[in-house]
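Quick one, what's the 3D model for this:
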Amino acid sequence: MKAAGQDVVGMTKEAAELRSYELRNKKKKGLLKRREASLAQVLFPGASPEEYGQGEAVPAFAELVESKKTQLPFEFYDLPTCPEPSDKIKKRFRRRKNLGSRLMGHDLKLSPYNIATKQSKGCTPLCMVEIGGKKLRWMRKLVDRQYRIHLTLDQLPVLMRSKELNYAVRGYPVGFKAPPSYTGLKEDEFYLYNHLKFTVTYREEPEEFEGIRITGFDVHPVSIAHKVDNVKVEEGKILENSSSSSFPTCTRDSSPVNEPDTYLALRSGASGGDMKVLYSYEVDWVESDIPWADRWDVYLVGSPDDEIHYFAIVNSLMIVVFLTGAVATILIRTLKRDIAGYNEMQTLEEAQEETGWKLVHGDVFRPPQNNSLLLSVLVGTGAQIGSAFFFTLLASMLRMLNPIKKGQALTAVIMLYVLCGGIGGYVSARLYKFCDAKAWKKNTLATAIFFPSIIVGMFMVLNVFLTVVGAATAVSFLTIFLIFFLWACVATPLAFLGSYFGFRAEKIEVPTKTNQIVRFIPEVPYYANPPVSMFLAGLLPFGSVCIELFFIMSALWLHQLYYIMGFLMAVLLILVATCTEVAMVMCYLQLCVEDHRWWWKSFLNCASAGVYLFMYSLWFLASKLDLVGVLPVVVYLTYMSMISMAFGLMCGTVGYLSCFWFTKTIYAAVKVD
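You can find the predicted model right below:
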C-alpha cells in the first residue's frame, strides 16, 4: 500500500490500516508484549469514550501557544484574539488542575469557537480585533519564531495534516513568513492566519452505542484580508449571529482559501493606524469508519519504533555484562586468592612483606575526616530522589498515572519526593551516626532543606524573568506557597521522623576495628584520584542510559510523546546495576594501592554521571534545538542543571552505598589479628 502511494495520515480505511500495521509493535501490552491492544488502552489506561447527541455543544479548549525555537509558551488569550466565552464549563468536561499542570503552565480555557455535534457551518465571522504598536511587533515576533496554537476537542489535540505531503503535526502556526524573493519587498513579510477550517470526523454505530464518537479533529488555517462593508463593528464583540451580508468574503456558503493576493499582512494600516483583523472559522463534520480506539494512531506515526528501545536496553545490558564479569573476577578469583593468602600467613615477617587492600583494614572504616555532615546529607538526598523516581515509574507501570492528564507525572514526582522525606532522613541519620557525630538536628534540617532550597532558589530567579516576559510557565504566588507548604508541613516532618528512627537504630557494625593513628598513604596512581577517576567512573553509567536519554530529551524539549515507562524502569535498573559495579571496581583498585579514603571518592566517581548528563544537554542544545534569544537558552540550561544535579546525586548515592557494602563484605572474609 505504501509503495502504491497510499498516505498514512488520512482518515480513509486504507490509511487507517496502514497506520495500524506500522504501529503494530506499539499496540501490545504485558511484560513480553504478547497481548494485543489499542493505542488508547496503551496510552490512556482507563479512558472511556464520550458519546454526544445530535446538536449537543462540544467544547473546544485552548491550550498553550508554544514553539520549538523557544521554551517560552504563552496562553491563548495573551494573543490579540476574540474574548474568552463567559459560559461555564459543563461538569463532564471539567478537569481539576494539579500542581504539575500549574508549574507547566497548562490552563485549559474555553476557546471562542462554537462547535455542535453534526452541525456543519460555512464561513462564520467571529470578531473584529485591532492590533497595533507593541502588540503588532510581538505578533510578528511570534510568527518569526514559529509559534503554534494548540486546541483540543474531546481530549484530541488539533491536527494539521496533508495527504499530498503525507504529514501530520499537532497545532497550527500563528502565521507564516514570506521571503523577499516571494513578495518582491525589501525585507521579510509576516502574515497572520485569521480563518480556521475545522474538520471533525466521527463514528456512528447505533447497534453499539447511542449518539456519535469523535475520532478526529483537524484544522486548516487560512490567511485572508476580509472585506468589510461600511458597517460599524465594535472591537472584540462576537459577530457570529450578525448578518453575513456585511462581510462579502465570509458568507455561510463560502469557504476562504489561501490566495497570495488576499493574504493578511501583519503591518500597520495605510495611515499608520492599528490594523484591523476579522477572525472567522468554519466547521465540517465528516463520518468515518475509524474506531474510537484507533483515533490516536495518527499522532504516533513516524515516532521511533519500540525496537530502538529494545536495542538501547541490549546495549546497556552489554555494559552491565562486561562490568559483571569484571566484578565477578574480582570477587571470585582475585579476592578469593587474596583472602586465602592472607588467612594462611603465620608470621609477622610474612605480613609485613605483603602489600594490598588487606593492609588498610585498620583505616578502611575510619569516618571521613572532612565534611562528614555534607556527605551524609548528599547521600540521604540521593536516596530520597532515587526512591521518588522509582515509585513514580512503578505507578506508571501499574497504570495509576494517565498521560492524557496534563502535569500528572510531574505532580507524582513532586508528591512522592515529599513523601520519601523519611527515607532521606533515615539514610542520612544512619550514616551521620556512623561518623560519631552528635549534631543530629543540624543533620536532619540540612537533609530537609539542602536540595529543595537549591532547586526552589533557581526556580524563583527564573520565575522573575518568566513573569516579566509574560510566559505561561510563570508561576503564581499561590503555587509557590503550596510548594512551600508541602516542604514545611510534610517533607520536613517526615525527614525528622526518618532521622529519629535512624539515630535510634544501632550504629552500623563493621568487621574491623579502626586504628588510633592514621596510616600513611603512599603515592596513588593517576587513575585512582579525581578528576581522572571521576572521568572514568561516570562514563559507563551515563553510557548505559544515553540512548534512552535522547527520547526523553525529545519529549521534554521537542514536544514529542513518551509513554513507554516499562522501558524506562528497565533502564533505571540497568543504571543502578552499572553504578554499583563501577563503584566496586574503582573502590577495589583504590584499596589495592593502599588508599583507604574511599568515602568521598565512591560518591563523586558515580556522581560525575550528572556532569556527563549536563554536557550531553549542551550537545543537544547545539545540535537538536534551534533556540532563539537569550532567555530560552537560560530556561533550558536552568532546568537541565536541575535534572543533572538530581541525576548525579542519585548515582552518587548508589555508588556510595554499594562501596560500603563491598568493603564490609571483603573485610569480613579475612582474619585480622
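
tell me which residues in stretch 70-87 are buried?
Thr70, Gln71, Leu72, Pro73, Phe74, Glu75, Phe76, Tyr77, Leu79, Pro80, Thr81, Cys82 (16 or more other Cβ atoms under 10 Å). Using the backbone N, CA and C atoms, a C-beta is placed for each residue, glycine as well.

any idea how far the third one is from Val174?
I take that to be Leu72. 14 Å (Cβ to Cβ, to the nearest Å).

ok, now the first one?
With distances defined as Cβ to Cβ, the gap from Thr70 to Val174 amounts to 13 Å.

and what of the second one?
Separation of Gln71 from Val174 (Cβ to Cβ) stands at 17 Å.

ok, back up a step: dump the buried residues of stretch 70-87 into TSV; add secondary structure and distance to Ile455 as well.
Formatted as TSV, the buried residues of stretch 70-87 follow (DSSP: H, G, I helix; E, B strand; the rest coil; distance: Cβ to Cβ, whole Å):
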residue	secondary structure	distance to Ile455
Thr70	strand	23
Gln71	strand	18
Leu72	strand	20
Pro73	strand	21
Phe74	strand	25
Glu75	strand	25
Phe76	helix	29
Tyr77	helix	30
Leu79	coil	32
Pro80	coil	36
Thr81	coil	35
Cys82	coil	39
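
now, the most widely separated pair of these?
Gln71 and Cys82 (27.2 Å; Cβ to Cβ).

Now name the helix or strand holding the residue at minimal distance from the centre of the chain.
Taking Cα atoms, centre = their mean, the centroid of the chain lies closest to Leu556, which sits 4.1 Å from it. Leu556 belongs to helix 532-557 when assigned by DSSP states H and E.

try Pro125
Per DSSP H and E: strand 121-131 holds Pro125.

Keeping just the C-alphas, turn that strand into CSV.
Extracted in CSV, the C-alpha atoms of strand 121-131 (Å, rounded to 0.1, in the frame of the first residue of the first chain):
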residue,chain,number,x,y,z
LYS,A,121,-21.3,25.6,9.2
GLY,A,122,-19.7,27.7,6.4
CYS,A,123,-17.5,30.8,7.0
THR,A,124,-18.7,32.4,10.2
PRO,A,125,-17.3,35.8,11.3
LEU,A,126,-16.2,35.7,14.9
CYS,A,127,-15.0,39.1,16.0
MET,A,128,-13.0,42.2,14.9
VAL,A,129,-9.8,43.0,16.7
GLU,A,130,-7.4,45.9,16.3
ILE,A,131,-3.7,45.2,16.6
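
what comes up buried for that strand?
For strand 121-131, by 16+ other Cβ under 10 Å, it's Lys121, Gly122, Cys123, Thr124, Pro125, Leu126, Cys127, Met128, Val129, Ile131.

CSV please, covering those residues and showing pLDDT and distance to Pro221.
Listed next are the buried residues of strand 121-131 as CSV, based on pLDDT from 0 to 100; distance: Cβ to Cβ, whole Å:
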residue, pLDDT, distance to Pro221
Lys121, 90, 17
Gly122, 88, 17
Cys123, 90, 14
Thr124, 89, 15
Pro125, 89, 16
Leu126, 88, 14
Cys127, 88, 17
Met128, 88, 18
Val129, 90, 16
Ile131, 88, 17
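
from these, which is closest to Cys659?
The closest of the buried residues of strand 121-131, once distances to Cys659 are taken by Cβ to Cβ, is Ile131, at 63.3 Å.

who touches that closest one in this structure?
Ile131 is in contact with Pro80, Met139, Leu266, Asp274, Met275, Val277, counting by Cβ atoms under 8 Å, 6 or more residues apart in numbering.

Span of stretch 141-151 from start to end?
21 Å (Cα to Cα, to the nearest Å).

Lowest-confidence member of the buried residues of stretch 70-87, which is it?
Among the buried residues of stretch 70-87, Gln71 carries the weakest pLDDT, at 84.

Could you list every helix and strand that whichever helix or strand comes after the strand holding Pro125 packs against?
Per DSSP H and E, strand 121-131 leads on to helix 133-144 as the next helix or strand towards the C-terminus. Where contact means 3 or more Cβ pairs under 8 Å, 6 or more residues apart in numbering; DSSP states H and E, helix 133-144 is packed against strand 175-178, strand 189-192.

so Gly132 touches Lys276, yeah?
No - the pair Gly132 / Lys276 is not scored as a contact, 9.5 Å apart, by Cβ atoms under 8 Å.

where in the stretch 451-600 of the chain is pLDDT low?
561, 563-564 (pLDDT under 70).

let's see 80
In the predicted model of the stretch 451-600 of the chain, residues 514-529, 559-567 satisfy pLDDT under 80.

Run through the strands of the stretch 251-400 of the chain in chain order.
For the stretch 251-400 of the chain, the strands defined by DSSP state E, counting those that start in this stretch occupy 275-287.

What ranges does it have for its helices?
Ranges of helices within the stretch 251-400 of the chain are 297-300, 306-328, 335-343, 348-353, 372-397, based on DSSP state H, counting those that start in this stretch.

contacting residues around stretch 84-97?
Counting by Cβ under 8 Å, 6+ apart, 50, 59, 77, 106-112, 405-407 sit against stretch 84-97.

let's see it at 10 Å
With Cβ atoms under 10 Å, 6 or more residues apart in numbering as the test, stretch 84-97 has contacts from 50, 56-59, 61-62, 76-77, 101, 106-114, 154-155, 238, 404-407, 411, 479.

Now, those that are in strands?
Phe61, Ala62, Lys109, Leu110 (DSSP state E).

Just the closest of those to Val461, please.
Nearest member of these to Val461, counting by Cβ to Cβ, is Lys109, at 28.6 Å.

So for the closest one, what's the pLDDT?
Looking at Lys109, the pLDDT reads 87.

closest to Ile552 out of the helices of the stretch 251-400 of the chain?
helix 306-328 (11.1 Å).

follow-up on the earlier one: can you select the buried ones from the ones in strands among the contacts of stretch 84-97 in ChimeraX?
Selection of buried members from the ones in strands among the contacts of stretch 84-97 for ChimeraX, criterion 16+ other Cβ under 10 Å:
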select :61,62,110
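
about what we covered before: pull up the overlap in contacts between Leu72 and Val174.
Common neighbours of Leu72 and Val174 (Cβ under 10 Å, 6+ apart) are Val65, Arg145, Tyr147.

Quick check: nearest residue in space to the first one, chain neighbours excluded?
In space, not counting the residues next to it along the chain, Val65 is nearest to Phe74; the distance is 4.7 Å by Cβ to Cβ, 6 or more residues apart in numbering.

surely the one you found meets Thr473?
Yes - if you go by Cβ atoms under 10 Å, Phe74 and Thr473 touch, sitting 9.3 Å apart.

shared neighbours, these two?
Leu64, Glu66, Gly105.

Looking at those, which is nearest Val576?
Nearest to Val576 among these, with distances taken as Cβ to Cβ, is Gly105, at 33.1 Å.

Please enumerate the helices of the stretch 501-650 of the chain.
532-557, 565-592, 598-607, 609-623, 630-667.

Of those helices, flag the one that's most buried.
helix 598-607 (a mean of 26; mean count of other Cβ atoms under 10 Å).

Which neighbouring elements make contact with the helix or strand containing Phe465?
Take DSSP H and E as the rule and Phe465 turns out to sit in helix 440-469. Taking 3 or more Cβ pairs under 10 Å, 6 or more residues apart in numbering; DSSP states H and E as contact, the helices and strands that helix 440-469 lies on are strand 70-75, helix 372-397, helix 408-419, helix 421-434, helix 477-486, helix 492-504, helix 630-667.

any chance of these in CSV, with distance to Leu323 too?
Listed next are the helices and strands packed on helix 440-469 as CSV, based on distance: least, Cβ to Cβ, whole Å:
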stretch, distance to Leu323
strand 70-75, 37
helix 372-397, 19
helix 408-419, 29
helix 421-434, 24
helix 477-486, 38
helix 492-504, 31
helix 630-667, 12
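
To Val364, which of these lies closest?
helix 630-667 (5.7 Å).

Report the mean confidence score over the closest one.
For helix 630-667, the per-residue pLDDT averages 93.

That'll do, ta.
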